[in-house]
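>>> Fold the stuff below for me.
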Amino acid sequence: MTTADDIPNIIIGTGSTVTVYTESVKKTYVKKLVKITPPQSSGNWGAGAKDTKMVDLLRIEVRFAVRGRIDSADQSTLENYFNAGGVFNMTWDGTNYDINMDKLDIEVSAKQGEQDEKSVMFTAIKGIDI
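Numbers count the residues shown, from 1 in each chain. Reported below is the predicted structural model:
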């Protein structure tokens, strides 16, 4: 019998930090491949299509998609990190990442009841400023 995974919380920033009580974290790796599909001349159509040739440029993008909750008091701090631009620290599962958020959703709904929390969803890319 296996047990359910505990999803570690995410800590955004240094100094003024925001804890995201995670519901789900999706870590995606995207690799840049250049694909070359050579043409087949009409005289050789019987041989079928030629194999696609690939060049691996070894450019890997690491992207996070996070859904969770934050304390209502931390909303402005999270928005400030987003609006300030540039990279900032994200700690998740014992690892520090330099990220920049490209999308941030903050939701307030009636289903939250008496909780002093807001639902958040964001996507971020790991990288450095240039």
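>>> Now do the SS call for the residue sitting furthest away from the middle of the chain.
Of all residues in the chain, G43 sits farthest from the chain's C-alpha centroid, using C-alpha atoms, centre = their mean; the distance is 48.0 Å. In the three-state summary, G43 is assigned as helix, counting by DSSP: H, G, I helix; E, B strand; the rest coil.
>>> tell me, what residue is most central in this structure?
F64 (1.4 Å).
>>> is it true that that one touches K26?
Yes - the criterion here is C-beta atoms under 8 Å, and F64 meets it with K26 at 7.0 Å. Bear in mind the C-beta positions are built from the backbone N, C-alpha and C, glycine included.
>>> To which secondary structure element type does D6 belong?
Look at D6: counting by three-state DSSP, its state is coil.
>>> ok, it - how many residues close by?
7 (other C-beta atoms under 10 Å).
>>> Distance of it relative to T17?
With the distance defined as C-beta to C-beta, to the nearest Å, D6 ends up 20 Å from T17.
>>> Going by residue numbers, what spans are strands in this structure?
Using DSSP state E, the strands of the chain run over residues 10-12, 18-36, 53-71, 88-92, 95-107, 117-126.
>>> Quick one: residues in contact with the first one.
It stands for strand 10-12. Identification of contacts with strand 10-12 by C-beta atoms under 8 Å, 6 or more residues apart in numbering yields 17-20, 22, 25, 66, 68, 78, 81, 88-92.
>>> 7 Å instead, please
The set of residues external to strand 10-12 that reach it, using C-beta atoms under 7 Å, 6 or more residues apart in numbering, is 17-20, 22, 66, 68, 78, 81, 88, 90-92.
>>> Sheet-wise, list the partners of it with their directions.
The strands beside strand 10-12 in its sheet (DSSP bridges) come out as strand 18-36 (antiparallel), strand 88-92 (antiparallel).
>>> Same question for the last one.
In its sheet, strand 117-126 lies beside strand 53-71 (antiparallel), strand 95-107 (antiparallel), with partners assigned from DSSP bridges.
>>> State the mean pLDDT of the last one.
Read it as strand 95-107. The average pLDDT within strand 95-107 is 95.
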